[in-house]
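Asks: heads up, no residue letters with this:
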């Protein structure tokens, strides 16, 4: 099956800088989205380091005998180390960190890795499914029955991360295989999108617009129309047959 993809990042309507980053492998092997934090320079550097380090590691060891799961895990560990090293040499960026989510096609399998609250979604038919599970205080509270989903939407701690890259105490990188079928549509995004758009709104855009570039643009513009309070980054991927998507 062929893979068609596009990415777009926008600072939004209130931020003066964009601390998100993304990477699209030209060979369509993997895709990465990162959402940095720690001030203007710190957030930008953290997300850049994460995407660049993950990309470089996957490129270097792509043809190795290492399993896909281990390859992706090691790439995220290397990204964490790169950010920690930068913190040690630039004290002004000592509090920087970043989320990261990556989707990788290798050896006829699809794998996802993530840290933080940047997400991976899959649209299959009319059903949108969130593949990743946020590493946040609020997500844990929902799982343990301390909060309802509705309560979480306005909770003051909804942005508090339990894991991110750039921390000595990083102890969990989520990795999982993802099933794939022809006509699946995947979305990697920062929380600047999901803070503004509900899952049904996201599903509507992905279902109604076939072309990846147009879908990415529509998602970003919809998030801005609803406030655009944060940086917004999306990567849209469609698995299709032989015909290109032009509409």
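Replies: Nice, I can see it. In this text the structure is predicted, and so the values were computed from the model without any measurement. Numbering: from 1, shown residues only.
Asks: Could you report the neighbour count for the residue lying closest to residue 160 once chain neighbours are set aside?
Replies: If the residues on either side of it in the chain are set aside, residue 160 comes closest to residue 137, at 4.3 Å by C-beta to C-beta, 6 or more residues apart in numbering. The C-beta positions use only the backbone N, C-alpha and C, and glycine is treated the same way. The tally of other residues near residue 137 (other C-beta atoms under 10 Å) stands at 18.
Asks: For residue 163, see how far away residue 137 is.
Replies: 11 Å (C-beta to C-beta, to the nearest Å).
Asks: just residue 33 next, same as before
Replies: Distance, residue 33 to residue 163, using C-beta to C-beta: 16 Å.
Asks: higher neighbour count, these two?
Replies: Between residue 33 and residue 163, residue 33 has the larger neighbour count (other C-beta under 10 Å), namely 31 against 20.
Asks: quick one: the host helix or strand of the more buried one to chain centroid distance?
Replies: If you go by DSSP states H and E, residue 33 is part of strand 30-37. When distances are taken as C-alpha atoms, centre = their mean, to the nearest Å, strand 30-37 is centred 5 Å away from the chain's centroid.
Asks: Against which helices or strands is the helix or strand immediately after that strand in the chain packed?
Replies: The C-terminal neighbour of strand 30-37 among helices and strands, as given by DSSP H and E, is helix 39-61. With contacts taken as 3 or more C-beta pairs under 8 Å, 6 or more residues apart in numbering; DSSP states H and E, helix 39-61 sits against strand 20-24, strand 30-37, helix 68-89, strand 97-106.
Asks: Relative to residue 1, which of these is closest?
Replies: For these, the distance to residue 1 is smallest for strand 97-106, at 10.1 Å, taking C-beta to C-beta.
Asks: and for the helix or strand that comes right after the closest one, what are the contacting residues?
Replies: Toward the C-terminal end, the helix or strand that comes next after strand 97-106 (DSSP H and E) is strand 109-115. The set of residues that contact strand 109-115 without belonging to it, under C-beta atoms under 8 Å, 6 or more residues apart in numbering, is 68-69, 72-73, 75-76, 99-104, 120, 131-132, 135, 163-165, 170, 172-180.
Asks: one step back: of all the helices and strands packed on helix 39-61, which one is nearest residue 221?
Replies: Judged by C-beta to C-beta, the one of the helices and strands packed on helix 39-61 that comes nearest to residue 221 is strand 20-24, at 16.1 Å.
Asks: which helices and strands does the closest one pack with?
Replies: The contact analysis (3+ C-beta pairs under 8 Å, 6+ apart) places strand 20-24 against strand 2-10, strand 30-37, helix 39-61, strand 232-240.
Asks: if you compare the ones you listed, which one is most tucked away?
Replies: strand 30-37 (a mean of 28; mean count of other C-beta atoms under 10 Å).
Asks: What strands line up against that strand, and which way round?
Replies: On the basis of DSSP bridges, the sheet neighbours of strand 30-37 come out as strand 20-24 (antiparallel), strand 97-106 (antiparallel).
Asks: now the ones you listed in CSV, with mean pLDDT, distance to residue 53 and mean neighbour count?
Replies: Converted to CSV, the strands paired with strand 30-37 look like this (pLDDT from 0 to 100; distance: least, C-beta to C-beta, whole Å; neighbours: other C-beta atoms under 10 Å):
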stretch, mean pLDDT, distance to residue 53, mean neighbour count
strand 20-24, 98, 11, 23
strand 97-106, 98, 10, 26
